[in-house]
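>>> Build me a model:
(one chain, ligands or ions: 1)
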Amino acid sequence: MSELRWKALDAAQNRIIPTINIPEGKVTDFYGIHTFTDEAMKTLLSPDAYKKVSFAIKSGENIEGNVADEVASAMKSWAISKGATHYTHWFQPLTGGTAEKHDAFFDISFDGQAIEKFKGSALVQQESDASSLPNGGIRETFEARGYTAWDPNSPAFILYNTAGTGTLCIPSIYLSYTGDLLDAKTPLLNSSTVLDKAATSVANIFDRNVEKVTATCGIEQEYFLVDKALFYSRPDLLMCGRTVFGHSPAKGQQLEDHYFGSIPPRINAFMVDFEIEALKIGIPVRTRHNEVAPGQFEVAPTFEEINLACDHNILLMDIMKKTAIKHNFEVLFHEKPFAGINGSGKHNNWSISTDTGVNLLGPSSKPKESLRFVTFLINIIKAVHDHADILRATVATAGNEHRLGANEAPPAIISIFLGTQMTKVLEDIENKEIVEIEKGENAYIKLGLNRIPSILLDNTDRNRTSPFAFTGNKFEFRAVGSTANSATPMMVLNTIVANQLENFRKEYDFERENDPSKKEGIILKILKRYIKESKAILFEGNGYSQEWEEEAAKRGLSNFKLAPDALKAYISDSTVEIFEKMKVLTKKELQARYDIRLENYIKKIQIESRMIGDLAQNHVVSTAVKYQTRLVQTSKSLLEMELKDEAEPIIQIIKDISRHVKIISLKVGEMTDARRKANNIESVEERARLYSTEVKSFFDIIRKEVDKLELIIDDEDWPLTKYRELLFIR
Ligand SMILES: NC(=O)CC[C@H](N)C(=O)O
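Presented below is the predicted three-dimensional model:
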């Protein structure tokens with residue numbers, strides 16, 4: 001086995017940076033050339049068809065058959081002219097990733113002629129016998145049909161394979177024969193619709209011209225890069241996406257010399273390459289940098305409409321994985337591939353803006369508009385306060401369980417960071433007496449609302465320890481895991497905010513009818529109460545500290561460290577009530593998602609547990625025993641030569657090895673028993689609980705012993721590529 005390690009090290013150190021095809025011209029010359037953009041549609045469709053499609057996209061109405069035929073025909077000619085041979089409905093099942101089945105444009109007509117075919121019906125809807133995709137019991141196996149349907153809100157694009165041919169990908173939603181939602185995209189679309197409705201009605205209190213409110217999102221993506229040969233030399237990376245063993249290297253991230261440091265040339269080449277591919281399909285990537293841990297990096301696009309942003313993020317991950325092959329890298333999206341150093345997250349920068357061009361979370365120089373700003377801000381705080389548990393549940397996975405609360409990642413407690421100055425503004429609103437809002441801006445000034453723009457301009461205090469931070473003109477949800485499909489957390493955020501805004505509007509209307517005072521006074525009265533009700537969620541301090549855990553408990557905030565506990569919020573009464581009321585997900589669909597996520601959790605821990613057993617016994621213990629045998633020979637020889645003192649330290653090492661090996665063997669056996677016990681449990685909830693508590697409790701114990709052995713056994717013999725090699729060779 002150590003031979004594999006040495007070969008891998010050799011390969012990794014002799015890489016040549018591949019040539020990258022840089023397109024001619026400026027980025028704007030090739031941006032979106034592989035996307036069937038609105039521009040392309042305008043050029044290729046008849047004016048009438050274009051008008052109808054645009055209307056359907058805006059209104060969400062169905063597209064008529066003949067119009068769909070025209071769009072399909074235009075898409076086909078466009079795609080074929082760009083080298084596409086196939087098409088696929090590209091959708092997001094509940095696996096967390098994407099799914100695609102490629103069909104050729106090529107076909108044989110009824111009279112035996114070879115033709116290229118793509119009808120409107122094939123564009124709009126496809127039937128998939130995808131009974132192997134997770135459905136949480138929604139779809140009985142005897143009714144295995146599922147449907148994918150075109151989502152015209154997200155433009156079609158072409159993905160090329162290494163052979164150079166392309167597939168036209170049509171972003172689609174996915175549902176069962178019975179109409180139950182089986183994907184991540186449809187609920188997100190639903191949530192955007194309800195958010196639009198609720199936010200528009202609140203925005204109308206301030207401006208009657210607002211007709212539409214859109215959620216936007218910009219997703220920062222963290223990742224690790226490991227040389228391909230090194231990656232394949234670690235069975236745990238290959239099977240679990242993370243290392244289950246590995247002693248910390250002498251140098252980790254303690255010198256803080258990697259973050260924002262000069263990007264190594266081989267990495268930079270990879271970044272340039274995948275960014276070009278991303279830009280060609282219209283993903284507006286803009287930022288790249290070294291992250292905190294050695295071997296860790298980040299990419300971020302500019303923000304977009306939320307549905308598009310989530311599609312683009314998951315697509316970007318796919319492009320990164322594929323581009324990495326050419327560069328002999330493997331991209332790790334796991335939340336915690338290496339113990340003891342930074343994990344990887346996805347920071348979702350979320351905001352809402354109107355069709356009149358106003359960012360509702362953006363500061364304004366007019367105090368009156370600041371009232372609108374605080375209205376949205378405080379409603380969001382209240383929504384997150386009241387429904388923190390379901391927000392937390394969306395980021396609960398086996399991978400993220402290792403990350404939350406460890407090394408620069410936010411803790412499992414959901415709290416909101418506002419910055420000291422904004423906190424003060426809220427305190428003023430809560431505590432200062434509002435006399436009747438007078439003419440002019442006096443009252444706003446008294447309340448400190450006139451200060452907001454300047455506060456937000458120099459709002460430099462950032463708090464990385466907060467899972468949900470206000471950053472001047474948007475909220476940053478930092479707890480999302482790096483492998484996650486952002487569509488799910490963003491769908492929940494949209495929904496709880498929509499629900500809250502709807503409640504606010506109702507309360508406001510009610511008060512208006514019964515209270516003759518000015519609308520500003522009424523708004524402030526309601527906001528005062530909201531602040532009182534939800535200020536427990538506001539926290540400015542160090543989210544990593546023990547004191548915060550204690551303080552949060554006192555405040556009654558939840559702290560679900562284990563994913564199965566956090567996931568329960570999927571089926572809580574309040575979640576079901578809101579999601580059914582807002583028509584985003586039904587109780588049945590929530591239950592299915594809960595079951596799927598528990599199953600996924602169990603399977604992930606099961607795979608890791610098996611991997612730990614296998615590596616510990618078949619790689620580590622066997623190597624340790626072989627090395628021990630050599631030491632026994634040496635000590636025997638020394639004793640024969642009557643060199644007792646010299647033999648002593650060697651005998652001590654022999655004993656140390658035995659001690660570690662004994663614990664490892666014992667604990668691997670006990671862990672296998674714990675697994676067996678859990679597997680016999682019928683209830684998925686109870687099984688997940690046993691996996692998260694009993695089975696998982698052996699992971700650290702076994703790891704500790706293995707990592708000790710790594711320090712004892714001859715480096716020449718050690719079978720697992722070491723942390724220093726995985727993290728620093730590039
Ligand atoms: N510099 C950073 O933003 C670190 C974030 C951290 N990697 C996380 O897991 O979220």
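
>>> State the pLDDT value of the residue in the chain that the ligand sits nearest to.
At 3.1 Å from the ligand, Gly345 is the closest residue in the chain, using C-beta to the nearest ligand atom. Backbone N, C-alpha and C define where each C-beta goes, glycine included. Gly345 is assigned 96 on the pLDDT scale.

>>> Domain map for the chain?
Per automatic domain parsing, the structural domains of the chain span 31-182, 191-583, 600-728.

>>> What average pLDDT does the last one get?
Averaging pLDDT along domain 600-728 yields 97.

>>> Can you give me the first-to-last residue distance of it?
This stretch, domain 600-728, spans 32 Å end to end (C-alpha to C-alpha, to the nearest Å).

>>> And stretch 268-279, what's buried?
Ala269, Phe270, Met271, Asp273, Phe274, Glu275, Ile276, Glu277, Ala278, Leu279 (16 or more other C-beta atoms under 10 Å).

>>> still on that earlier bit, number of nearby residues for the residue of the chain closest to the ligand?
As a burial measure, Gly345 scores 27 neighbours (other C-beta atoms under 10 Å).

>>> Please tell me I have it right and it contacts Thr483.
No. Gly345 is beyond contact range of Thr483, at 10.0 Å (criterion: C-beta atoms under 8 Å).

>>> hey, what's in contact with both of those two?
Shared contacts of Gly345 and Thr483 (C-beta atoms under 8 Å, 6 or more residues apart in numbering): Glu335.

>>> Would you tell me which residues of the chain are close to the ligand?
Glu222, Glu291, Val292, Asn342, Gly343, Ser344, Gly345, Arg403, Glu408, Ala409, Arg464, Arg478 (C-beta under 6 Å from any ligand atom).

>>> Could you pull up the contacting residues of the closest residue to the fifth one other than its chain neighbours?
The shortest distance from Gly343 to any residue other than its chain neighbours is 3.7 Å, reached at Arg403 (C-beta to C-beta, 6 or more residues apart in numbering). If you count contacts by C-beta under 8 Å, 6+ apart, Arg403 has them with Glu335, Lys336, Gly343, Ser344, Gly345, Ala409, Gly481.

>>> winner for burial among the domains of the chain?
With neighbours taken as mean count of other C-beta atoms under 10 Å, the domains of the chain reach their highest mean count in domain 191-583, at a mean of 20.

>>> distance between it and the chain's centre?
Centroid separation between domain 191-583 and its chain, computed with C-alpha atoms, centre = their mean, to the nearest Å, is 11 Å.

>>> Quick check: bridge partners of the residue of the chain closest to the ligand?
Applying DSSP bridges to Gly345 gives these bridge partners: Gly481.

>>> The closest residue to Ile283 other than its chain neighbours: what's it in contact with?
Of all residues not flanking Ile283 in the chain, His312 sits nearest, at 4.5 Å (C-beta to C-beta, 6+ apart). By C-beta under 8 Å, 6+ apart, the residues touching His312 are Ile219, Ala278, Gly282, Ile283, Pro284, Pro301, Glu304.

>>> Where does Val331 sit: helix, strand or coil?
strand (DSSP: H, G, I helix; E, B strand; the rest coil).

>>> how close does it get to Asn600?
Per C-beta to C-beta, to the nearest Å, Val331 is found 21 Å from Asn600.

>>> what's the answer for Trp548, then?
Between Trp548 and Asn600 the distance is 29 Å, computed by C-beta to C-beta.

>>> Next, the distance between the ends of stretch 464-473.
End-to-end distance for stretch 464-473, by C-alpha to C-alpha: 17 Å.

>>> pLDDT on it, on average?
pLDDT averaged over stretch 464-473 gives 90.

>>> can you list contacts of that stretch?
Taking C-beta under 8 Å, 6+ apart as the criterion, the residues outside stretch 464-473 that touch it are 349, 351, 359, 361-363, 377, 384, 391, 408, 410-411, 413-419, 422, 456-457, 459, 462-463, 475-479, 539, 542-544.
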